[in-house]
Structure formats: structure tokens, C-alpha cells
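Visitor: have a look at this prediction, sequence included:
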Amino acid sequence: MKIRDIALARSGDKGNRATLSLIAYDPADYARLERALTAECVLAHYQGVVHGAVQCFPLPHLGAVHFVMNDALGGGVTRSLALDAHGKTLSAAILDLALDADKDWTASTLDPRIP
């Protein structure tokens, strides 16, 4: 099962930070999203794109998980030469990620930049 099967994604920018929200289609799937999508998982998925810490904000009343990815947009919209300076395609990039709630994202993939 992939994220696209149970959730939609939206992304955007705030300076050099990218924001990413995943919203479950069905509230019953929220727990699966929250278990599988940790800050460590998101940082590993965007390795090479996100160069700073990733923060996770669970929003259970909305059935959503929100991430803030620091140092992810090449300096921000006015400074970046990237084709996607606003980070809009980051939401599409995560939808193909397979949900694997049993994976241990805290062992070998743990990044010291994550608080």
C-alpha cells in the first residue's frame, strides 16, 4: 500500500523551509499515517533535498500529519535557481512511498540533525 492510497498531500514554502501535509481520506487511516510517517522517515525519503532538521506535527483532529523541512528550498524562492522554488512537487514525491509501519526508522537511518 502506498501513501496515495490512503491520503492526499499538499506542500508549500515558508522562506527556506518546505511544508508538507498529508491528510487521510478516511479518519480511520490516520493512525497508520502517524505510525509510518515520522520525521526520520521523511528526512530519509528526501535525502539530498532536505539539508536541515525535519519536524513532525501530528494533527489528529484533522486526520493529518504536518512536516516542516528546514533548509529544503535552496535559500528560498527569491534566492533559489531551482525549477520548483516553492516546493510544490515535494507533495507528489511522497505519495509513491510505500507504507511500512514496521520499519525501524530510528536505527541506521536516524540523522543527528533531527531533534
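Guide: Received, thanks. Numbering: from 1, shown residues only.
Visitor: pairing partners for residue 56 in the sheet, please.
Guide: Going by DSSP bridges, residue 56 is paired in beta bridges with residue 67.
Visitor: and for it, the neighbour number?
Guide: Neighbour count for residue 56, taken as other CB atoms under 10 Å: 17. C-beta coordinates here come from the backbone N, C-alpha and C atoms, glycine included.
Visitor: swap in residue 48?
Guide: For residue 48, using other CB under 10 Å, the count is 5.
Visitor: please apply the same query to residue 2.
Guide: Neighbourhood size, residue 2 [other CB under 10 Å]: 12.
Visitor: for residue 52, see how far away it is.
Guide: Noted for residue 2: a distance of 26 Å to residue 52, by CB to CB, to the nearest Å.
Visitor: check residue 45 too.
Guide: 15 Å.
Visitor: and residue 44, that one's in a helix?
Guide: Yes: Residue 44 forms part of a helix when assessed by DSSP: H, G, I helix; E, B strand; the rest coil.
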